[in-house]
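Visitor: Below are the sequence and a predicted model for it; my questions follow.
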Amino acid sequence: MHAAVGDRILVHGRTVGAGEQHGEIVEVRGEDGAPPYLVRFADGHEGLVFPGPDCEIDAS
């Protein structure tokens, strides 16, 4: 998985009743667009994301 600053990320809920999280990649810490990514989520918090099969990247 590769991404760039400004790309959108969608993290699907992993359990029943868990909602999706939407965010924007604000920093790419891996080489050549590889994870991990620093993400600012829609609710304002930021977190380091190592995306798995429950994630989608939407290039900006």
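Guide: Sure thing, it's come through.

Visitor: From now on I want contacts and neighbour counts done on CA atoms only, so please keep to that.
Guide: Will do.

Visitor: any idea how far residue 25 lies from residue 55?
Guide: To residue 55, residue 25 is 13 Å away according to Cα to Cα, to the nearest Å.

Visitor: Spit out the contact partners of the residue nearest to residue 20 when sequence neighbours are not counted.
Guide: Leaving aside its chain neighbours, residue 20 sits nearest to residue 12 (4.6 Å; criterion: Cα to Cα, 6 or more residues apart in numbering). Residue 12 makes contact with 19-21, 54-55, according to Cα atoms under 8 Å, 6 or more residues apart in numbering.

Visitor: shared neighbours, residue 25 and residue 55?
Guide: Counting by Cα under 8 Å, 6+ apart, the residues touching both residue 25 and residue 55 are residue 9.

Visitor: Those two: which has the busier surroundings?
Guide: residue 25 (23 against 17; other Cα atoms under 10 Å).

Visitor: Leaving out the residues flanking it, which one is nearest to the more buried one?
Guide: Closest to residue 25 by Cα to Cα, 6+ apart is residue 39, at 4.5 Å.

Visitor: Excluding its own residues, what touches the helix or strand hosting the one you found? List them.
Guide: Per DSSP states H and E, residue 39 falls inside strand 37-41. The contact list for strand 37-41, computed with Cα under 8 Å, 6+ apart, reads 21-30, 46-50.

Visitor: At the geometric centre of the protein, which residue sits there?
Guide: residue 9 (3.9 Å; Cα atoms, centre = their mean).

Visitor: before we move on, what SS does the nearest residue to that residue once chain neighbours are set aside have?
Guide: Nearest residue to residue 9 in three dimensions, chain neighbours excluded: residue 57, at 4.7 Å (Cα to Cα, 6+ apart). Secondary structure state of residue 57, per DSSP: H, G, I helix; E, B strand; the rest coil, is strand.
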